[in-house]
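give me a 3D structure for the following:
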Amino acid sequence: MNKPKLIIVSNRLPIKIEIKKGQWQIKTSEGGLATGLGSFYKEKGGIWIGWPGTQIKDKAMASEIQQSLQRQSLEPVFLTQQEIKEYYEGFSNQTLWPLCHYFPSYASFEKKNWLAYQSVNRKFAEAVIRIASPGDTIWVHDYQLMLVPNLIREQLPDISIGYFQHIPFPSYEVFRMIPWREQLLKGLLGADLIGFHTYDDVRHFISAILRIMDVQSNMNIIAFGKRLITAEPFPMGIDFDKFHDQVSRPVTQKYSQRIIEGLEGKKLLISIDRLDYSKGILQRLSGYNTFLKDYPAYRGKIVFYQLIVPSRDKVPEYEQLKEDIDKQVSHINAQYSTLSWQPIQYFYRSWAFEILSALYYSADIALVTPMRDGMNLVCKEYIASKTDREGVLILSEMAGAARELTEAIIINPGDADGMAAAINTALQMDPSEKMQHMQIMQENIKKFNIHMWVNNFLNSLSIAKEKQQKLSTRQISPVNLDNFTKAYQQANSRLIFLDYDGTLVPFDKNPAKAAPSAELIQLLKALTSDTKNRIIVISGRSRQSLETWMQGIPLDIIAEHGAWTKKFGEKWTISEALENNWKTDVRSVMEQYELRTPGSFIEEKDFSLAWHYRKAEPSLGELRAKEITGHLKHLVSDKGLQVLEGHKVVEVKSTIINKGKGAEKWLRQFPADFYLAIGDDTTDEDTFMAMPQKAITIKVGGGMSQAKYFIDDPAEVIMLLKTISLNKDL
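Residues are numbered from 1 along each chain as shown. Below is the predicted model:
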């Protein structure tokens, strides 16, 4: 049997193929992902799937390259020039990239690009499916491959899949602009674990799926169909030792010495970016210009090295950005330069790792000010390289790294005055204070390095998969059904608790119309005709509704979550002495939301109030439900009341009552050989927890539950009851 392997899937392989004069060669990538996972996947006996970085037209050459890469545990996905243009340059970088970085005006929504994105994602998924075996772990990376998790899931339903997004996940209001938003989210929900850099990204993602998809969420656990998906933040680290140790190498020391000598005692401020509008380069230049204007004493005493790595400079937006940067640098240098000093040294090219290391080490200040960034590893590389701890980091609050590196000077990247003041603060900072801040940040990024990031993600994926497997084993199987039937038939006394909405009947947009079907009435009559059975309908519904619908059926009723109880043939009784003086304030709040949410309405019961939004526009209803829940929880926090979030309903009732307490009265009074409880929402959890250990407890639908088993929908509930009671012919 083959040992389980790790399969990494990313847009690019950790190498690049270069072709010159008909000859090809392999170049190593220095990217963060390649560095972090480069050795790890080999140690795990893994395979890396991705594009080799260039189009290869010659089939013989492609075959030769593929065989060579496979010997290195690399599996290439070859793309045509058209696919590169439409999938990568088009949909990935002209639709998803600008929206995820909050630049919607730069986004395009061309259908041909979307079709190419789908096609290429299928290519990647097929490459995975060809080599994956049971027990393997698949780790998909980034926004270019958002459809891949579900494409794999459709073919390999039991395999372990993780997805990590390296760029921000935008707010719902931005993400909803994508015409194909639902397909993208469904693609991600094929994963067992979905990772982001920050909690804000997780929050935005969950907000989007709750409003766009038919899912439920409890904290960071998402119930989608029969699966539970976990979404968590995993701040990415760097290879700390690689950057820290490089500084002491002779080649780096030589470059550092040259840089420091060339400064002639001036302070060095550096920024290193790829050419992109999300990096805030123009805003940074404006901030530096403001600094030179407001703090003239530093003119001639500081040099700003702005390093930009070329990227997409043939794309019109990037071409314009490059032109604007050139103009602004020229303007600042023209305005402030002297015969012996130039305020900005501007470089537009790639740099060798040894030179970057020397620049990091030599710089007094690093200015890292993106307008929006998933994490930003440049700031961490700078910190790791400051072996003398004599440096200051000025960091944008819009970078994911700002959540971790709180010892940096945190700024708003669009605030030129604030940036100028931050540069001045950094220059004035006492050496001991600099070292203290730098030491704390170094300890942080050394501990939470790239290797810990990898291990944390994969360990969390294992835990998420275990949850999935436990859930799947709780689905009612034919064997379970046979065992239930035997237990039912062998029992001399049976106690059966049945929720109503979402359990015995499907939800209806108009709750007043959710009357039982003729089939259900016939089944309940058959069940209650067996003298060994005691059937209890236990619901949040009003006693009036339940009594009307159950009229003529010899069963017991627990209404309003346990506030009212009624044994067949007897009168209604109140479970506890309850007050209603709270209703006026709660109703006032609910009426505000009723007015603001077309289609919503208020239902008043004897001892509870419910705000229904089943008829409201779904996204607005979910939004208002979150708002009213928070509002009501604050209002009733000291009043002995509970706010319940049900299926398209928010309800307020006394904490004294719940379905579990109602069920306990029957459990005490009517001990039985066979216990069964079926329900569909959070209010039924109290019933499940009240049941004896030997009871059969069943949750209808997905999600977290105390129930021992899961079933899909009310139709399956009816079939189960017919099967175990041998009433299949009803």
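
by contact count, what packs against the helix or strand hosting Leu307?
For Leu307, the host element (DSSP states H and E) is strand 302-309. Strand 302-309 sits against strand 267-274, helix 281-294, strand 344-348, with contacts defined as 3 or more Cβ pairs under 8 Å, 6 or more residues apart in numbering; DSSP states H and E. C-betas here are computed from N, CA, C, even on glycine.

the ones you listed: which one's closest to Val454?
Val454 lies closest to strand 267-274 among the helices and strands packed on strand 302-309, at 23.3 Å (Cβ to Cβ).

now the angle between helix 281-294 and the closest one, please.
160 degrees (axes from the mean of the first three to the mean of the last three Cα atoms, to 10 degrees).

still on that earlier bit, strands paired with the strand holding Leu307, and their directions?
Strands that pair with strand 302-309, judged by DSSP bridges, come out as strand 267-274 (parallel), strand 344-348 (parallel).

any idea of the mean pLDDT in the next helix or strand after it?
Where DSSP H and E defines the elements, the next helix or strand beyond strand 302-309 is helix 316-336. For helix 316-336, mean pLDDT rounds to 96.

from the chain's centroid, how far away is the host helix or strand of Cys379?
Cys379 belongs to helix 378-385 when assigned by DSSP H and E. Relative to its chain's centre, helix 378-385 lies at 27 Å (Cα atoms, centre = their mean, to the nearest Å).

following the chain past that helix, name the next helix or strand.
Later in the chain than helix 378-385, the nearest helix or strand by DSSP H and E is strand 392-396.

now Ile332: how far from Leu282?
To Leu282, Ile332 is 12 Å away according to Cβ to Cβ, to the nearest Å.

OK, contacts around Lys665?
Residues near Lys665 by Cβ atoms under 8 Å, 6 or more residues apart in numbering: 565, 575.

measure it to Val77 for me?
Going from Lys665 to Val77 by Cβ to Cβ gives 63 Å.

what's the answer for Ser278, then?
Look at Ser278 and Val77: by Cβ to Cβ, they are 26 Å apart.

higher neighbour count, these two?
Set Ser278 next to Val77 and count neighbours by other Cβ atoms under 10 Å: Ser278 wins out with 22 against 19.

Ser637: neighbouring residues, count only.
For Ser637, the count of nearby residues is 10 (other Cβ under 10 Å).

and it, what is it in contact with?
The contact partners of Ser637, by Cβ under 8 Å, 6+ apart, come to none.

pretty sure Met691 sits against Trp666.
No - applying Cβ atoms under 8 Å, one finds Met691 not in contact with Trp666, separated by 10.8 Å.

shared neighbours, the two?
Counting by Cβ under 8 Å, 6+ apart, the common neighbours of Met691 and Trp666 are Phe497.

ok, Ile332 and Leu282, which is more surrounded?
Neighbours per residue, other Cβ under 10 Å: of Ile332 and Leu282, the larger number sits with Ile332, 21 against 15.

check contacts around the residue nearest to that one when sequence neighbours are not counted.
With Cβ to Cβ, 6 or more residues apart in numbering as the criterion, Ile332 has its nearest non-adjacent residue at 5.2 Å, and that residue is Asn289. For Asn289, the contact set (Cβ under 8 Å, 6+ apart) comprises 328, 331-332, 335, 416.
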